[in-house]
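J.: sequence first, then the predicted structure, then my questions.
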Amino acid sequence: MSPPLAEAIRALATLLRGGLTLHQALVAWADEVEGEVRAEVMGVGRRVRLGHSPQASLSGTTLEPLLRLGFALHLSAGLDLAAWLDRTADHLEHRDDLTRAARAASSGATLSGRMVAGLPLLFVPLAPLARAPLADPAGLAMGVIGIGLAIVGLRWIGRLVPKPPEEDEVAALCVTVATLLRSGIGLPQALDVVASTASGPVAAALADARSLVRLGLAWSAALAAADPSLAPVAAALTRAQRFGTKVAASLEAAAAARTAEARRDFERRMKKAPVMMVVPLTCCILPAYGLLGVGPFLRSMSLG
């Protein structure tokens, strides 16, 4: 199932391919969209009818970071916006599939670990059945220490399960530039406009690279010199120029390689998690099980 944002973006691309201008498509967009995104799309259409520019109509919506760059280049440089929107939707769907798979894997491991870790706490309401004193110093100590160990074990196991990998900003940069190239924008212009509109930690590195380009360096050399994190982008550009391949394909391959490596790293950490859980199970859960489950019955037998 496609994410709502991807479906909405594809609907806008379809309207543009039907011959509508961008302004007309934005006004008619809400009629083609359903679900939770529709309210934002209706707001965009309403602002366009009031005279706002396409870029300004996106202000404050979740659509703005996805579409602002494409709208600007479509109006200023003739970007094939429909093709750009389709590729953006493809990227969103691919990213959503990876995220859902990673979340499903981590959620299953977290649930299993917490179910095992929470078993000692089930003995707390059953403690009176042992008919052992619970309010004396020994009983209170066993209860407090047992519950404390169980809670520590729960939190410990939760921390051992890796979180799904976040989106790689360098991979996202490669995809953005490749999408612009395949939509008809030249490489220097694509890199320049991405550098001027980027946000987040990678923005500073791109700004430095842009300054180096203005001093006469090629983009591949400027990216490599600006920040080590941009080395994969620079390598993709250099490789395409050296062997005469398409720059877009080289950038897409670099993005796919980084995404695949992040996924393999997540899978490796997921495989290690059950092994690492032996430590909290041994140090916390088993002692808690003894104090909360077995301890009261043993005290009852010893006290007759």
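T.: Okay, I see it.
J.: quick one: residues contacting the nearest residue to Ala209 once chain neighbours are set aside.
T.: Spatial nearest neighbour of Ala209, chain neighbours left out: Ala226 (3.8 Å); criterion: C-beta to C-beta, 6 or more residues apart in numbering. Every C-beta, even on glycine, is put in place using the N, C-alpha and C of the backbone. Shown in contact with Ala226 (C-beta atoms under 8 Å, 6 or more residues apart in numbering): Ala205, Leu206, Asp208, Ala209, Leu212.
J.: now the first one: which helix or strand?
T.: Element membership of Ala205 [criterion: DSSP states H and E] is helix 201-214.
J.: elements contacting that helix?
T.: helix 169-182, helix 187-197, helix 219-226 (3 or more C-beta pairs under 8 Å, 6 or more residues apart in numbering; DSSP states H and E).
J.: run the angle between that helix and helix 169-182 for me.
T.: On the basis of axes from the mean of the first three to the mean of the last three C-alpha atoms, to 10 degrees, helix 201-214 is oriented at 50 degrees to helix 169-182.
J.: tilt between helix 201-214 and helix 187-197?
T.: Our comparison of helix 201-214 with helix 187-197, counting by the same axes, to 10 degrees, yields an angle of 130 degrees.
J.: off-centre distance for helix 201-214?
T.: Taking C-alpha atoms, centre = their mean, to the nearest Å, one finds the center of helix 201-214 at 24 Å from the center of the full chain.
J.: stretch 60-68 too?
T.: Stretch 60-68 sits 17 Å away from the centroid of its parent chain (C-alpha atoms, centre = their mean).
J.: for it, give the mean pLDDT please.
T.: Across stretch 60-68, the average pLDDT comes to 90.
J.: and if you look at stretch 240-250?
T.: Taken as a whole, stretch 240-250 has a mean pLDDT of 91.
J.: before we move on, back to that, so, if you compare the contacts of Ala226, which one comes nearest to Thr14?
T.: Leu206 (32.2 Å; C-beta to C-beta).
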